[in-house]
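J.: sequence and computational prediction follow.
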Amino acid sequence: MTPPLWTAEGIAAATGGTARGAFAANGVAFDSREVGPGDLFIALKGAEADGHSFVQKAFEAGAAAVVVDRPVRGNHVLVPDTTDALVALGKAARGRTNAKIIGVTGSVGKTGTKEALWQALDRKAPGFAHRSVKSYNNHVGVPLSLARMPIATRFGIFEMGMNHAGELAELTRIVRPHVAIVTAIAPAHIGHFGSTAAIADAKAEIFEGLEPGGVAIIPADSEHAARLYNKAVRHAGKIVTFGFHSDADVRVIDEVPAKRGGTLVTARLPGATISFNIAAPGRHWVSNALAIMAAVDAVGGDLGLAGLALAEMPGLPGRGERRMVDVEGGQFLLIDESYNANPTSMEATIAQLASEEAGRRIVVLGAMKELGDQSDALHAALAGPIGEAGISDAILVGEEMEPLAHALEGTLALRHVPDTQAAIDALRPLLRAEDVVLVKGSNSIGLSRLVAAIARGDR
C-alpha cells in the first residue's frame, strides 16, 4: 500500500506548526481552484488575495486539511507564517528522499528540458520520476513542487527561474540538486540586469546549491561559457559541457533534418556514442537534447530510453505544440509558442519556420517584455531573421513592436495591432490551406487566447 504523501504529524514536524485533527494528504496546493479530494491546501497571502479567504472553498473541494496562520474549523495545521511553512515543507520533502535531483535553469529551454528529462527518467523508473509542473519555478512554485514529491521518488527534476540576482541562490539551496543544468544564456529579463554577462552570473547561482560531488552541465557554445565554468568549478565535483563546439564533452557528430520537422542526431558522450531522433523541430532543441543526455548519464539513467523519449515527445502547449487546423479547402499548421519570448528564442523559432514546407509562412509576434532600454533595438533586430525566413505576412502585437514594424515596412504584408483581440481579427481572414502560422510572444501579451480561438475555428 502506498503511504500518504503527508500526515498531520509529518506536516507539523516539518513546519513547526500545531496540528488539529488526524488526517493524511496525498497532494499539496496553494490555489483553491486546483484543490482535489485528499489535498493539503496552504493558505498563502498574496499581493492581491489572502488564501485564508478560500479555506472553506478548499474544504468543499475535498481538501483533507489546510495550513493556516489562524484557527479555522476543520482539520488544519496552525503556523506563524504560511509562506515559510510551504518552504519548510519543501525542504522536508527534499530531506527525506534518496532521489537523484536535477535542477534546470537557463534563459531559454528550461521547461522543455525539464519535461523531456522527466519523460526520459520515467521510462527508466516508471511511476518514480517527479518534476515540477507547469512553470512553477519561483519562490513559491519550487517549494510547492518539492512538497509534492513522494518519499519513494527515484528521480526529481525541478525548474528554477529568476528575474533578479540572488533569487536562484536561494532556490538552489532548497532544491539541493545532484545535477545542475544551465541550458543557455540570452537577453531575457535584461531590463533587470543590464547585460547578458550579469544574466550569466545570476544563472550560475544554481551551482551554489549542488550536493557534494555534484555535476554542473553548461553550454559550451555560449559566449559566457568560461564565466559559467569559473563559477561551477567552485561548487561542482564534475563539470560537463555540451553543444556543437568540437571541445564539448557532449557534442554533435552529425545532424540530419527530418522530413516532418525533427532532427536525427548522432552525439558523442565521454563514454558512449548514440544516435537518436528529436521530434521537436529546431537546432535549439538539438542543444537541449545534448544537455538532457548529459544529465541522464550523470544520474545513471538509460541513454537509449532517453532517445526514445525525445523521439516521441510532443510539443508542449505554448512551447512548440503543433496543431493541424481545418480551414476551407484543407488544413493549415498552427505552431503555438505563445508562452514566452526573448530575442534568442524569437530568432531560433523564426529560423526554424524557414524550413517548414508551406504555401505561406505567417507570423503573429507579441512584444518581448523586460528588455529595458535595449527593447527598441532588440525588437527591431528581428527584421533580419524575418526577412531570411521567407515570411509573407506578419502581425505584430503590442506597442513595443513599433520599432520592428518600422524596420519591416514595405518588405511584407504587415499589420501592427494593439492587443490580442485585434490580432485575432487580423489573422482570421488571412488563413488558407497549406499555410504555416507561428504564434510567439511574452505570456503577458495573452497570445494563448489567439491560439485557442484560431484552433477552435471561432468566427
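T.: Good, I have the coordinates.

J.: which parts of the stretch 101-250 of the chain are strands?
T.: 129-131, 155-159, 179-182, 215-219, 238-243, 250-257 (DSSP state E, counting those that start in this stretch).

J.: contacts only, for residue 235.
T.: Each residue near residue 235 by Cβ atoms under 8 Å, 6 or more residues apart in numbering is listed here: 207-208, 210, 214, 216. Any C-beta I mention is one placed from the backbone N, CA and C, and that applies to glycine too.

J.: cutoff 7 Å now
T.: Residue 235 sits next to 207-208, 210 when contact means Cβ atoms under 7 Å, 6 or more residues apart in numbering.

J.: what does the pLDDT read for it?
T.: On pLDDT, residue 235 comes in at 98.

J.: how far away is residue 112 from residue 36?
T.: For residue 112, the distance to residue 36 (Cβ to Cβ, to the nearest Å) stands at 27 Å.

J.: flag the shaky bits of this protein, pLDDT-wise.
T.: For the chain, the stretches with pLDDT under 70 are 259-260, 458-459.

J.: how many residues are close by the nearest residue to residue 17 once chain neighbours are set aside?
T.: Counting by Cβ to Cβ, 6 or more residues apart in numbering, residue 17 lies nearest to residue 79, which is 3.8 Å off, once chain neighbours are set aside. Neighbourhood size, residue 79 [other Cβ atoms under 10 Å]: 24.

J.: next one: the one 3 residues further on
T.: For residue 82, the number of neighbouring residues by other Cβ under 10 Å comes to 24.

J.: right, and it touches residue 69 too?
T.: Yes - shown here, residue 82 and residue 69 form a contact pair, counting by Cβ atoms under 7 Å, at 5.5 Å.

J.: which residue sits closest to residue 165, ignoring its sequence neighbours?
T.: residue 202 (5.0 Å).

J.: residue contacts, that neighbour?
T.: 162, 165, 168, 193.

J.: quick check: residue 74 touching residue 62?
T.: No - under the criterion of Cβ under 7 Å, residue 74 is not in contact with residue 62, lying 11.7 Å apart.

J.: which of the two has more residues huddled nearby?
T.: residue 74 (16 against 13).

J.: which residue sits closest to that one, ignoring its sequence neighbours?
T.: In this structure, residue 74 finds its nearest non-sequential neighbour in residue 59, 5.4 Å apart by Cβ to Cβ, 6+ apart.

J.: may I see the buried residues of the strand or helix carrying that neighbour?
T.: Residue 59 is located in helix 55-60, with elements delineated by DSSP states H and E. Within helix 55-60, the residues that qualify as buried are 55, 58-59, counting by 16 or more other Cβ atoms under 10 Å.

J.: closest one to residue 221 out of these, please.
T.: residue 58 (46.9 Å; Cβ to Cβ).

J.: would you confirm that residue 387 contacts residue 407?
T.: No - in this structure, residue 387 is not within contact of residue 407 by Cβ under 7 Å, at 9.3 Å.

J.: give me the number of residues near the closest residue to residue 263 other than its chain neighbours?
T.: Take residue 263 and drop its neighbours on the chain: the residue closest to it by Cβ to Cβ, 6+ apart is residue 278, 4.8 Å away. If you count neighbours by other Cβ under 10 Å, residue 278 ends up with 23.

J.: so what's the residue nearest the centre of the chain up against?
T.: Centroid-nearest residue in the chain, with Cα atoms, centre = their mean: residue 111, separated by 2.1 Å. If a contact means Cβ under 7 Å, 6+ apart, then residue 111 has 135, 159, 316, 319 as its contacts.

J.: likewise residue 402?
T.: Counting by Cβ under 7 Å, 6+ apart, residue 402 touches residue 416.

J.: could you rerun that using 8 Å?
T.: 379, 416.

J.: that's a strand at it, yeah?
T.: No - counting by DSSP: H, G, I helix; E, B strand; the rest coil, residue 402 is not found in a strand; it is helix.

J.: how close does residue 32 sit to residue 68?
T.: From residue 32 to residue 68 the distance is 13 Å (Cβ to Cβ).

J.: next, residue 316: phi, psi?
T.: When read as degrees, to the nearest 10, the backbone of residue 316 gives phi -90, psi 140.

J.: am I right that it is in contact with residue 113?
T.: No - between residue 316 and residue 113 there is no contact under Cβ atoms under 8 Å: 11.1 Å.

J.: who has more neighbours out of those two?
T.: residue 113 (26 against 16).

J.: dump the residue contacts of that one.
T.: 104, 106, 181, 183, 288, 291-292.

J.: show me what contacts residue 336?
T.: Per Cβ under 8 Å, 6+ apart, neighbours of residue 336: 315, 317-323, 439, 448, 451.

J.: only alpha carbons, please: show the helix or strand it falls within as CSV.
T.: Following DSSP H and E, one finds residue 336 within strand 330-337. Only the C-alpha atoms of strand 330-337 are listed here, as CSV (Å, rounded to 0.1, in the frame of the first residue of the first chain):
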residue,chain,number,x,y,z
GLY,A,330,-7.9,21.7,-46.3
GLN,A,331,-5.8,22.4,-43.2
PHE,A,332,-3.0,24.7,-42.0
LEU,A,333,-0.3,24.2,-39.4
LEU,A,334,-0.5,26.3,-36.2
ILE,A,335,2.7,26.4,-34.2
ASP,A,336,2.0,27.5,-30.6
GLU,A,337,4.9,29.3,-29.0
